[in-house]
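>>> Fold the following and give me the result.
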Amino acid sequence: MATLAEIRAKLKSTEVNRSTSNTGGDNAIYPHWNIQEGQEAVVRFLPDKDPNNTFFWTERAMIKLPFAGIKGQADSRPVQVQVPCMEMYGKTCPVLTEVRPWFKDKSMEDMGRKYWKKKSYIFQGFVLNNPLAEESPENPIRRFIIGPQIFNIIRSALMDPEMEELPTDSVRGVDFRITKTSKGGYADYSTSKWSRRERALDEAERAAIDKHSLHNLNDFRPKEPTDAEVKIIKELFEKSVEGEAYDLEKYGQYYKPAGMFYQPSASTNSSPASASNTTAAPVAPATAATVAPAVNTETTATPAPAPAEATTAPAGDSAKRAEDILKLIRSRQSK
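Numbering: from 1, shown residues only. As a prediction, the model looks like this:
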């Protein structure tokens, strides 16, 4: 387990780099976003099982692709499909590669933010004070999907020299208080904070760790897409920008709206339509798109990159801009 000094050093390094550059369907995930306004949940974060992870969390980056509805369903409502951002795995993301230049022009910024990656952070630990009326899982070691607002509070405190010990330490660690209020009609967690008093894990908590073991947090990130699935992600992005309806028959085996059931038909073609080679794409599990529940209830959005120097941008309304964007994308593909 990393020391507090190592965590601080890596956080500083991350800040420098930033300035220059399968969660399951069970109740293992604690839905802190469901607590009522004015309520507080007290949790105790635990270390990651992975000894190579400096932090006691892992970062998740997802991209939301909006669609006008479901193809073939006349009364369908707009839907969103979440796909993993390849930058989460240290790879080039085909979506962000296309979106980044949009921030060079102010008329494209809103559209760029819509397709920009949304970050969240996976933690694990105990729920000590639970205001929710829920059935507790057999394994009391819960997972937490934390948004940017709470995460920034956690990170800022770790950089405070007055914090002398890791908050996950079994003897001298501290609990964390998630407090929900509202601001401007939205949920607000800005008053969440670390407890002032150190608290050693009690006998029951230690026994739970011995019995159930800690999780490797990376196991709860979406699996890394294959080359074929990356092509599908790019294709879905283009369809989304074009304003098309989501094709469940074509893409359901890869990525689909959360909670939507997909039953493959005998005629379903399992290879990506946009694949230029003749190698059939491996069929991904239908759960690939539902690994990340839509739980982002914090109002702090993941910041998009700052606009670069202005360049000539496509003129006209959003539909015209989308058409121009697609022309640029396809022009690069043909080259």
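>>> For the residue nearest to Lys193 when sequence neighbours are not counted, the count of nearby residues, please.
Nearest non-adjacent residue to Lys193, counting by C-beta to C-beta, 6 or more residues apart in numbering: Arg177, 5.6 Å away. Every residue, glycine included, has its C-beta placed from N, CA and C. Neighbour count for Arg177, taken as other C-beta atoms under 10 Å: 16.
>>> Surely Arg177 is in contact with Arg44?
No. Between Arg177 and Arg44 no contact is recorded; they are 10.7 Å apart, counting by C-beta atoms under 8 Å.
>>> picking that back up, let me know the helix or strand that the residue nearest to Lys193 is in.
strand 176-179 (DSSP states H and E).
>>> Extract the C-alpha trace of that strand and format it as PDB.
Extracted in PDB, the C-alpha atoms of strand 176-179 (Å, rounded to 0.1, in the frame of the first residue of the first chain):
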ATOM      1  CA  PHE A 176     -15.700  10.200   5.300                       C
ATOM      2  CA  ARG A 177     -19.000  12.000   5.600                       C
ATOM      3  CA  ILE A 178     -21.100  12.300   2.400                       C
ATOM      4  CA  THR A 179     -23.600  15.200   2.900                       C
END
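>>> any idea of the mean pLDDT for the helix or strand following that strand?
Once the chain leaves strand 176-179, the next helix or strand it forms, by DSSP H and E, is strand 181-183. The average pLDDT for strand 181-183 rounds to 94.
>>> same for the next helix or strand after strand 181-183, what does it pack against?
Following strand 181-183 in sequence order, the next helix or strand is strand 186-188 (DSSP H and E). Counting contacts by 3 or more C-beta pairs under 8 Å, 6 or more residues apart in numbering; DSSP states H and E, strand 186-188 packs against strand 181-183.
>>> Give me the sheet partners of the strand it packs on and which way each runs.
Sheet pairing here is set by DSSP bridges, and for strand 181-183 it gives strand 186-188 (antiparallel).
>>> Show me the contact partners of the helix or strand following the strand it pairs with.
If you walk from strand 186-188 toward the C-terminus, the next helix or strand you reach (DSSP H and E) is strand 193-194. Contacts to strand 193-194, defined as C-beta atoms under 8 Å, 6 or more residues apart in numbering, come from residues Ile153, Ile154, Ala157, Met163, Pro167, Val174, Asp175, Phe176, Arg177, Thr179.
>>> what mean pLDDT does strand 193-194 have?
Per-residue scores along strand 193-194 average to 96.
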